[in-house]
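Asks: pasting a predicted model and its sequence here:
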Amino acid sequence: MMPKKPVMAVLETDTYNEIDDQFALAYALLARDAVDLQAVIAAPFSNDRAATPNEGMQKSYEEICRILALFGKEPEGFAWKGSASYLPGRRIPVESEGAGRIIELAHIARSRGSKLYVLAIAAISNVASALLLAPDIVQDIVIIWLGGNELHFPETGEFNLRQDVWAAQVIFDANVPLVWLPCRNVVSILAITLDELRPSLAPAGKLGEFLYSRSEELITKRKITSKVIWDISTVAWFSVPQAFRSEVIPSPVLNDDKSWSMAPGRHDITAVTSLNREAVFADLFKKLASFQSAAQPC
């Protein structure tokens, strides 16, 4: 059963990593009928765009601020720096402003008799740390995580999962409500080309120009013809729930080698099995087209 909307939400994002996080943040800010976004938390990442997890987190925070500026929104009290590293051990949290804010908002949600919905679209270090630092919030949050590949996909080292396996293990082992969005064979359907993006983003003015510029830069650099906009799926889960199919399964065991196995007595999670690409993109571009009338200048 879907919760009453808009849901009280937090977005955990490695915003500078690719281009899909920028779309997801803009989508979450515009989908006000579905998501009441309370905070955005920068997540660590490391690759050719950031030499260390801390650099990735810092660059992501800066990218969050750029997007908020397009909305005329100040980052103070809304954008938070997260973990400067991945978890150093399976049960060892990393304290950060971001993890602390998740805990605070979870307690606020409890006082209101509601839940905090954590939309996680990166290595899930901040959320895992929050659960380890304050285990009581397990009753106050619902996690929606894009990470890992579906159970039968042969490649298990998906980017969000492989960066912080210990954090992912915390999430799957905790008896916390979890909506899991696997990447390959599920969310990977959300691929789009520059030719499709150009007219679809034009109505969004400066925001559309920013998103298109980021997309063009990455697609051209990688010499690819299309890009999967993975992260919008977490927002779409609330904004267009009819576009998703899911099933309730026992939480799988994530092994240290990133493989999956099953064990008796595990709690249930919700695993997304398919989604309607056209419905998700139609809703995203409809929301983006409302940007000019909704946003206020800085």
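Replies: Ah, there it is.

Asks: this protein: helices as residue ranges?
Replies: 20-30, 53-70, 97-111, 125-133, 159-163, 165-173, 194-201, 205-222, 232-239, 277-289, 291-294 (DSSP state H).

Asks: and these: which comes nearest Leu119?
Replies: Distance to Leu119, taken as C-beta to C-beta, is lowest for helix 232-239 among the helices of the chain, at 4.3 Å. Every C-beta, even on glycine, is put in place using the N, C-alpha and C of the backbone.

Asks: and the closest one, what does it pack against?
Replies: The contact analysis (3 or more C-beta pairs under 8 Å, 6 or more residues apart in numbering; DSSP states H and E) places helix 232-239 against strand 7-13, helix 20-30, strand 35-42, strand 116-120, strand 141-146, strand 178-181, strand 268-275, helix 277-289.

Asks: what about it, distance to the chain center?
Replies: 9 Å (C-alpha atoms, centre = their mean, to the nearest Å).

Asks: try stretch 136-143
Replies: Remark: stretch 136-143 is offset 17 Å from the chain centroid, using C-alpha atoms, centre = their mean.

Asks: now do stretch 251-264
Replies: On C-alpha atoms, centre = their mean, the centre of stretch 251-264 falls 22 Å from that of its chain.

Asks: now it: mean pLDDT?
Replies: Averaging pLDDT along stretch 251-264 gives 96.

Asks: low pLDDT regions in the chain?
Replies: 1, 293-298 (pLDDT under 70).

Asks: what about 80?
Replies: 1-2, 292-298 (pLDDT under 80).

Asks: let me have the helices of the chain in JSON lines, extended by distance to Glu12 and mean neighbour count.
Replies: As requested, those are exported to JSON lines (distance: least, C-beta to C-beta, whole Å; neighbours: other C-beta atoms under 10 Å):
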{"stretch": "helix 20-30", "distance to Glu12": "10", "mean neighbour count": "25"}
{"stretch": "helix 53-70", "distance to Glu12": "10", "mean neighbour count": "20"}
{"stretch": "helix 97-111", "distance to Glu12": "7", "mean neighbour count": "20"}
{"stretch": "helix 125-133", "distance to Glu12": "5", "mean neighbour count": "28"}
{"stretch": "helix 159-163", "distance to Glu12": "10", "mean neighbour count": "21"}
{"stretch": "helix 165-173", "distance to Glu12": "11", "mean neighbour count": "22"}
{"stretch": "helix 194-201", "distance to Glu12": "25", "mean neighbour count": "16"}
{"stretch": "helix 205-222", "distance to Glu12": "19", "mean neighbour count": "16"}
{"stretch": "helix 232-239", "distance to Glu12": "10", "mean neighbour count": "27"}
{"stretch": "helix 277-289", "distance to Glu12": "19", "mean neighbour count": "18"}
{"stretch": "helix 291-294", "distance to Glu12": "23", "mean neighbour count": "13"}
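
Asks: quick check, central residue of this protein?
Replies: For the chain, the residue nearest the mean C-alpha position is Ile121 (2.3 Å; C-alpha atoms, centre = their mean).

Asks: picking that back up, dump the helices and strands packed on helix 232-239 into TSV; add distance to Lys59 as well.
Replies: Shown next, in TSV, are the helices and strands packed on helix 232-239 (distance: least, C-beta to C-beta, whole Å):
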stretch	distance to Lys59
strand 7-13	12
helix 20-30	11
strand 35-42	8
strand 116-120	18
strand 141-146	20
strand 178-181	24
strand 268-275	29
helix 277-289	23
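
Asks: surely Leu275 is in contact with Gln242?
Replies: No. Contact criterion C-beta atoms under 8 Å: Leu275 and Gln242 do not qualify, at 10.2 Å.

Asks: what about those two, which has more around it?
Replies: Leu275 (20 against 8; other C-beta atoms under 10 Å).

Asks: give the bridge partners for that one, please.
Replies: Bridge pairing for Leu275 (DSSP bridges) gives the partners Phe244.

Asks: contacting residues for it?
Replies: Leu275 sits next to 186-187, 189-190, 233, 236, 243-245 when contact means C-beta atoms under 8 Å, 6 or more residues apart in numbering.

Asks: just the buried ones out of these, please.
Replies: 186-187, 190, 233, 236, 243-244 (16 or more other C-beta atoms under 10 Å).

Asks: on that earlier part again, and the helices and strands packed on helix 232-239: which comes nearest Arg222?
Replies: Short answer: helix 20-30, nearest of those by C-beta to C-beta, at 13.5 Å.

Asks: what comes into contact with the closest one?
Replies: Contacts for helix 20-30 (C-beta under 8 Å, 6+ apart): 9, 11, 13-15, 35, 37, 40, 60, 63-64, 67, 71, 73, 119, 121-122, 207, 210-211, 214, 227-232, 234-236, 239, 284, 287-288, 290-291, 294.
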